[in-house]
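sequence first, then the predicted structure:
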Amino acid sequence: MLKIFSVALRLVVEIVKSSIMKLQLQIKINEALYLRNPEGSELGKNIIEHSVQLIYSTGFEAFTFKKLAEHIGTTEAGIYRYFENKHKLLIYLTSWYWGWLEFQIASTPII
C-alpha cells in the first residue's frame, strides 16, 4: 500500500509541476480544506509543489511544516496561513489529484 502511495505522490509531483508551469489549470477544491487559497500566490504554489516533493522523499510521518518552511525558505507561520495542519494539506493534495484525474477523463476522446 505504501509503495502505491509513493508512486501516486511521484505522479502528483509531475502533474503539479506541469500544470503550474505550463497549463494554468484551475481545479476547484473544497474551500474548507485551506485557510487561504494556495493557488493565489507564489508562496502558496511553492507550498503545494514542495510539500509533494518533501512528502515523497521523507514520507508523510516525517513531513512537518517546519521542514517544509526550511525547504522553501519561508517561515512555519507562513505555511500555517494556508493550511491548519499537514493532514488538511494531504487531503488538499489528494482532492487536487482526483480533480485532475476527472479533468483528464473528461477531456479524453471516446473512441
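All right, it came through fine.

all contacts plus neighbour counts: C-alpha atoms, from now on.
Will do.

secondary structure class for I29?
Under DSSP: H, G, I helix; E, B strand; the rest coil, I29 falls in the coil class.

that one reaches L93, doesn't it?
No. At 9.4 Å, I29 and L93 do not qualify as touching, with contact defined as Cα atoms under 8 Å.

looking at these two, which is more packed in?
Neighbour tally, I29 and L93, criterion other Cα atoms under 10 Å: the higher count belongs to L93, 21 against 15.

got a list of what the more buried one touches?
Applying Cα atoms under 8 Å, 6 or more residues apart in numbering, we find L93 in contact with I48, V52.

chain neighbours aside, what residue packs nearest to Y34?
Spatial nearest neighbour of Y34, chain neighbours left out: F83 (5.0 Å); criterion: Cα to Cα, 6 or more residues apart in numbering.

phi first, then psi, for K28.
phi -70, psi 120 (degrees, to the nearest 10).

for it, which non-adjacent residue is closest in space?
G99 (7.3 Å).

sort out which residues of the helix or strand hosting the one you found are buried, please.
Counting by DSSP states H and E, the element that carries G99 is helix 86-107. Buried residues in helix 86-107, defined by neighbour count with 16 or more other Cα atoms under 10 Å: K86, K88, L89, L90, Y92, L93, S95, W96, Y97, G99, W100.
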